[in-house]
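# sharing a model that was predicted from the sequence below.
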Amino acid sequence: MRIAPTISARTLLTSTSGLALLLLASTAIAQSSVVFKGELDVYASDYEPAGDDDAESTQGIQSNGMTTSWLGAHGKHELGNGLTAIAAVEMFFQPDSAEQGRFANDIFFARSAYVGLAGDFGEVKMGRTTSLYFLSTILFNPFGDSFAFSPMILMGYGGGGLYGDTGWSDSVVYSLPKMGNFTTSVAYAFGEEEGDTSTNKIAANAFYTSGNLGLTAAVQKVSGTQPGATSLPMDDSQTAAIAGLSYAIGKSTVYAQYQLLRDELATGDIDRDTLVLSASIAAGPGSVYLSYGLTETSTAADDYDRNIYTLVYNLPLTSQFDIYSAYTSDDPDLAEQTGHTLGVGARFRF
């Protein structure tokens with residue numbers, strides 16, 4: 001009877017070497033990762049701006065009701081010794097028209113584009129980074145970054161007079177290591193205006209969480225015209241500060257935010273004080289979001305108020321897909337008629 005030959009030492013060595021190479025390749029792959037993610041938000045709307053009595057309403061399909069739609073990729077690579085290289089590129093877009101950006105002529109990677117390093121020392125990012133002030137704004141109200149329905153967004157970034165944009169170009173951000181329940185970050189953005197070192201942005205924020213309680217505070221100063229600082233004249237500046245509180249009660253959460261804006265302008269100083277109270281209330285399979293916001297504006301010529309009321313019902317069908325219906329009333333003192341936004345929409349996350 002013929003007996004099958006035994007495996008030779010050379011064959012065994014070759015097979016073992018191949019397996020070792022595969023294991024090394026797998027280890028190398030495990031040390032690096034790139035994740036593609038994003039969110040799409042589309043809604044049917046009826047919109048009438050606050051203003052003159054002859055201002056007309058418009059109806060149609062719009063983008064970015066509860067969230068500004070975006071696409072992006074996040075990468076990280078383990079360097080060893082507790083160090084991790086990180087990077088991200090993220091763009092905003094309008095799914096109703098398939099146009100890139102939040103508005104015409106928006107920069108391509110407006111959400112973020114940075115490279116950084118993380119470790120026991122904390123985390124450093126350089127490039128275009130998310131505004132620290134913006135993070136304290138959106139994480140302490142149930143509407144997040146909604147430019148259509150969030151009173152705090154509308155009273156700040158959405159035509160409320162806050163300068164600096166939601167992302168800062170030419171910036172460096174340092175986040176300290178977490179200390180118990182406390183985290184904090186600082187940021188600086190170079191204006192890159194030749195011969196003018198006063199053109200810049202600086203900010204800091206902090207978060208505290210303990211059980212059902214959450215607290216935040218942020219401050220920023222924007223000086224002069226630079227990338228992302230909307231229409232702030234040269235040699236003028238604005239200082240902004242915000243404080244927020246959240247408290248969870250079962251499946252519901254109540255929020256409070258207070259914002260101070262101080263403009264130092266050649267044409268005269270402007271002060272804006274904003275208070276926003278809101279809540280996310282569990283209702284059946286979804287949640288009701290309620291909010292009231294008040295801004296008091298003081299100028300050398302006049303004082304006036306702006307009131308915003310918002311009601312939203314949000315229904316998550318899965319962790320990735322939800323639908324919503326929303327209504328916002330915008331009532332500035334100087335407007336002849338109250339504005340409103342009515343929307344029914346859906347969001348998909350991936």
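Thanks, I have the structure now. Just so you know, these numbers come straight off a predicted model, no measurement behind them.
# okay, CA-based contacts and neighbour counts for the rest of this
Fine.
# from residue 88, how far out is residue 35?
9 Å (C-alpha to C-alpha, to the nearest Å).
# between the two, which one's more packed in?
residue 88 (23 against 10; other C-alpha atoms under 10 Å).
# shouldn't the more buried one be within a strand?
Yes - assigned with DSSP: H, G, I helix; E, B strand; the rest coil, residue 88 falls within a strand.
# moving C-terminal from the lengthiest strand in the chain, which element do we reach first?
For the chain, the strand with the greatest residue count under DSSP state E is strand 32-48. Downstream of strand 32-48, the next assigned helix or strand under DSSP states H and E is strand 58-63.
# what packs against the helix or strand just after that following strand?
Per DSSP H and E, the first helix or strand lying C-terminal to strand 58-63 is strand 70-80. Contacts defined by 3 or more C-alpha pairs under 8 Å, 6 or more residues apart in numbering; DSSP states H and E place strand 70-80 against helix 9-31, strand 32-48, strand 83-94.
# hey, which helix or strand in the protein has the poorest pLDDT?
Within the chain, no helix or strand scores below helix 9-31, which has a mean of 43 by mean pLDDT, DSSP states H and E.
# low-confidence ranges, this protein, go.
1-30, 193-198, 225-231 (pLDDT under 70).
# in stretch 279-295, what counts as buried?
Across stretch 279-295, burial judged by 16 or more other C-alpha atoms under 10 Å covers 279-282, 286-295.
# ignore the last one, stretch 59-76
62-72, 74, 76.
# also stretch 90-108?
Buried residues in stretch 90-108, counted by 16+ other C-alpha under 10 Å: 90, 91, 92, 93, 94, 95, 96, 100, 101, 102, 108.
# and those residues as CSV, adding distance to residue 265?
CSV is the format used below for these (distance: C-alpha to C-alpha, whole Å):
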residue, distance to residue 265
90, 33
91, 32
92, 31
93, 33
94, 34
95, 38
96, 38
100, 33
101, 30
102, 28
108, 31
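# can you tell me which of these is nearest residue 331?
Within those, proximity to residue 331 (C-alpha to C-alpha) peaks at residue 102, which comes in at 24.7 Å.
# one step back: how about the buried residues of stretch 90-108, which pair is most distant?
90 and 96 (18.7 Å).
# next up, phi/psi of residue 151, please.
phi -60, psi -40 (degrees, to the nearest 10).
# my guess is it contacts residue 289. True?
No - Residue 151 lies out of contact with residue 289 (C-alpha atoms under 8 Å); the separation is 11.6 Å.
# which neighbours do residue 35 and residue 88 share?
73, 74, 75 (C-alpha atoms under 8 Å, 6 or more residues apart in numbering).
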